[in-house]
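Q: Fold the following and give me the result.
(2 chains, ligands or ions: 2)
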Amino acid sequence: MSDAAGAPPPLVATDGVSKAYAGAPAPALAPLSIAVAPGEIVALAGPSGSGKTTLLNLLAGIIQPDAGQVAIAGRPLSQLRSGRELSELVGLIHQQYDLVPHLPVIHNVLAGRLGQWGLLRSVASLVWPQERQTALAVLAQMGIADKINERTSHLSGGEQQRVAIARLMVQSPRLILADEPVASLDPARADEMLSLLTALASASGKTLIVSLHSPHLIRQYCTRVIGLNRGRLEFDVPTSAATADLLDRLYDLEQLPPEVIV
Amino acid sequence: MRFLQSSRLLTVLLAAAGAWSLTAIDWNGPWLHTGGAASFLRFLLALFPPDLSADFLLIALTASGQTLAYAVAGMTVAILIGVPLGIIASGVAFTPGSRLRRPSVAATRFLLGGMRAVHELVWAVLFVAAIGLSPLAAIFALGLPYAGILGRIYADLLQDVPPEPIAALRTTGASPLRLFSYGYWPMALPDLIGYTFYRLECAIRAAAIMSFVGIPGLGYQIQLSLHDLLFDQVWTLLLFLVAIIVAVDLWSSRIRRSLLS
Ligand SMILES: Nc1ncnc2c1ncn2[C@@H]1O[C@H](COP(=O)(O)OP(=O)(O)O)[C@@H](O)[C@H]1O
Ligand SMILES: [Mg+2]
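A: Residues are numbered from 1 along each chain as shown, chains lettered A, B, ... in the order given. Ligands and ions are numbered 1, 2, ... in the order given. This is a model prediction of the structure:
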């Protein structure tokens, strides 16, 4: 897929991927082809139900496309043989629900290693945490090293988000996907979260695709913005070209059937 | 459970059976046999006071200890069998596409169903016939049906764990057994323990009844006292039974609270 001009091959490439859920009147994602270069920080914008989560889940290999394929670092996801290979390529962070609330923080962080560790080591770690220093280091970077032994459900929403990012750092995939990571945060926390996430990505040369609604945050933190509406690509431009008008129009287009919520 | 969900037929059948059972009652006959009311009253009045003599309290205490010991031993057997079977029957520890999954789940669900379809008293009769009157017969008679119940509920609780954290764990490349130990098990554990304690209460009641096949304990003492029409002693023994159940209840809510905080 790299062209003759010698541009770097894309880290992520979708080739006409589409997805329709059983029983849904319209496809969640119409055939879509995009390519994202290594190191890009891409915002995914669009009203509720426009297909952002569907696209991110397809990129993460959590759901399979009806047609087309997704390739990461040149490797089609459908041809990966193990969860381990997938986990080295792509990691996903959700708005919520992604931690095991009953476990101490350290085990949620070290869960990022489950693709690498053998079964015995994984289970033993629940009793004698392995690589405690690794967990401590990333938690310190997130500013919550003191919470390492705390039960995860006791942490605030913002702290849990940091634990989820810490797990992603431990997993260290080449592509980081974030599905509305700031949807439930107040503006100050949202800002903090995005600066953590984007700083982490650029420091380690990772590629980031994040679904976001706020034009202000998109322009401040991302290099490129992809607009989706009703499963179709509306625009795909550098953030410098993303005028407020362009983004507003995306949300004004919103004329969703009444049953579509969230 | 799942194969019952769709069946409206089952609801109709059960309702019909319920209605039919009403015809079995002789609505015109007397509700109590002659003298029944009088003995019932005598039994009630014996509560004031129950037999609280030191000698009898010691008997009641020993019997309580025996009943509790049988219940705990039976539950231990039930947990040892119920946990592995419940995990297999939940199907969550299999690779999603595994060909072993369906037959293993079906076979363990069937096995668990068979164990709990037979009441503990019937198991007791079978075991006594096979190995004679022995503590072991009572423990297994209690342990097998309870394993069937625990395994079934454990399987359901494991399946009902919230799917989002599991999906997130899966993206870290975790295999099914790792998913199980980091996701399913810790998330289901408080409920697994809570349900097990609830079943321990039931096992205490069942162990008391088990005395009727000859093992010592509260039921055996109740039988002796009833035989001699010593209702004040029966009340003492019943009060001990209530006390154990309440104590287990307090203990379990304390443990659950410490697990949840
Ligand atoms: N599991 C599902 N089953 C059926 N329809 C779904 C499912 N998930 C999403 N959809 C539908 O697909 C469309 C896109 O949803 P989604 O990708 O979640 O959008 P977004 O994340 O942008 O809000 C919506 O119309 C939604 O109702
Ligand atoms: Mg979404």
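Q: can you map out the helices along the chain?
A: Going with chain A. For chain A, the helices defined by DSSP state H occupy A:52-59, A:83-89, A:105-110, A:119-127, A:132-141, A:157-171, A:187-203, A:215-221, A:244-252.
Q: that's the wrong chain, I wanted chain B
A: Using DSSP H, the helices of chain B run over residues B:2-5, B:8-22, B:36-45, B:54-90, B:101-117, B:120-131, B:135-159, B:163-170, B:176-179, B:185-210, B:218-227, B:231-260.
Q: most neighbours per residue, which of those?
A: Across the helices of chain B, averaging neighbours per residue (mean count of other Cβ atoms under 10 Å in any protein chain shown) puts helix B:135-159 on top, at a mean of 23. For the C-beta atoms, the positions are set from N, CA and C on the backbone; glycine is no exception.
Q: How about it and chain A, touching?
A: No - Helix B:135-159 is not in contact with chain A by Cβ under 8 Å from any Cβ of the partner chain; minimum separation 13.3 Å.
Q: any idea how far that helix is from the chain center?
A: 8 Å (Cα atoms, centre = their mean, to the nearest Å).
Q: Stretch A:182-199 too?
A: The gap between the average C-alpha position of stretch A:182-199 and the chain average comes to 14 Å, counting by Cα atoms, centre = their mean.
Q: try stretch B:213-224
A: Averaging C-alpha positions (Cα atoms, centre = their mean) puts stretch B:213-224 19 Å from its chain's average.
Q: what about it, average pLDDT?
A: The average pLDDT within stretch B:213-224 is 86.
Q: What of stretch A:185-200?
A: Stretch A:185-200 carries an average pLDDT of 88.
Q: Also stretch A:248-262?
A: The predicted confidence, averaged over stretch A:248-262, sits at 61.
Q: distance of the closest residue to chain B within chain A from residue A:75?
A: Chain A approaches chain B most closely through residue A:115 (2.2 Å), counting by Cβ to the nearest Cβ. Look at residue A:115 and residue A:75: by Cβ to Cβ, to the nearest Å, they are 16 Å apart.
Q: Among those two, which residue is more densely surrounded?
A: The residue with the greater number of neighbours, taking residue A:115 and residue A:75 and applying other Cβ atoms under 10 Å in any protein chain shown, is residue A:115; the counts read 24 against 13.
Q: How much space separates that one from residue B:173?
A: Here the distance between residue A:115 and residue B:173 works out to 2 Å (Cβ to Cβ).
Q: where do the contact lists of the two overlap?
A: Among the neighbours of residue A:115, those also in contact with residue B:173 (Cβ atoms under 8 Å, 6 or more residues apart in numbering or on different chains) are A:83, A:84, A:86, A:87, A:88, A:171.
Q: Closest to residue B:218 out of those residues?
A: residue A:83 (53.5 Å; Cβ to Cβ).
Q: ok, and the closest non-adjacent residue to that closest one?
A: Spatially, and ignoring its direct neighbours in sequence, residue A:83 is nearest to residue B:173 (4.0 Å; Cβ to Cβ, 6 or more residues apart in numbering or on different chains).
Q: Just give me the neighbour total for the closest residue to chain A within the stretch 151-261 of chain B.
A: Distance from chain A to each residue of the stretch 151-261 of chain B (Cβ to the nearest Cβ) is smallest for residue B:173, at 2.2 Å. By other Cβ under 10 Å, the residues close to residue B:173 number 25.
Q: same thing with residue A:57?
A: Each residue near residue A:57 was counted by other Cβ under 10 Å, and the total is 20.
Q: you'd agree it is up against residue A:63?
A: Yes - applying Cβ atoms under 8 Å as the test, residue A:57 and residue A:63 come out as touching, 4.7 Å apart.
Q: Now do the contacts for residue A:251.
A: A:47, A:213.
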